[in-house]
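[1] Mind looking at a prediction? Sequence and model below.
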Amino acid sequence: MSRREREERIHELLKHVQQQRLDLSAARRDWLESTAHYDRGWFTFLSLRRYLAIGSSALAVYSIRSPSKLLRWAKRGFGAWSTWRMIKSALPPR
């Protein structure tokens with residue numbers, strides 16, 4: 001190979017690498033746009049983590065003091081959730 005051919009090959013490879021970088025940049029932008037909703041939800045969850053820890057601690061203390069009330073509310077919650085699922089499955093899909 002002559003020096004000129006090597007330089008042309010190097011130039012072609014550099015153009016190819018530059019195009020790959022542009023493609024990766026575009027793919028990254030598209031990926032970030034498509035996952036932005038999930039990212040916002042995750043950051044909201046992380047910001048509420050302290051309050052969830054406090055709430056679960058309070059619930060643990062309350063459940064030790066009155067376990068029957070907690071069981072009653074758990075049954076009610078499960079019943080409401082089951083009712084919601086039944087109604088949702090009975091309705092026609094949009």
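    Thanks, I have the structure now.

[2] average pLDDT across stretch 6-26?
    The pLDDT scores in stretch 6-26 average 96.

[3] Would you mind writing the CA trace of that stretch as CSV?
    Output of stretch 6-26 as CSV, limited to C-alpha atoms (Å, rounded to 0.1, in the frame of the first residue of the first chain):
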residue,chain,number,x,y,z
ARG,A,6,-3.2,4.5,3.6
GLU,A,7,-4.2,8.1,4.2
GLU,A,8,-7.4,7.6,2.2
ARG,A,9,-8.2,4.5,4.2
ILE,A,10,-7.6,6.4,7.4
HIS,A,11,-9.8,9.2,6.2
GLU,A,12,-12.6,6.7,5.3
LEU,A,13,-12.4,5.1,8.7
LEU,A,14,-12.5,8.4,10.5
LYS,A,15,-15.6,9.4,8.5
HIS,A,16,-17.2,6.0,9.4
VAL,A,17,-16.4,6.5,13.1
GLN,A,18,-17.8,10.0,13.0
GLN,A,19,-21.0,8.7,11.5
GLN,A,20,-21.3,6.0,14.2
ARG,A,21,-20.9,8.6,16.9
LEU,A,22,-23.7,10.7,15.3
ASP,A,23,-25.9,7.6,15.2
LEU,A,24,-25.2,6.7,18.8
SER,A,25,-26.0,10.3,19.8
ALA,A,26,-29.3,10.2,18.0
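
[4] What residues of it count as buried?
    By neighbour count on 16 or more other C-beta atoms under 10 Å, the buried set for stretch 6-26 is empty. From N, CA and C alone the C-beta is placed, and that goes for glycine too.

[5] For it, what is the distance to the chain centroid?
    34 Å (C-alpha atoms, centre = their mean, to the nearest Å).
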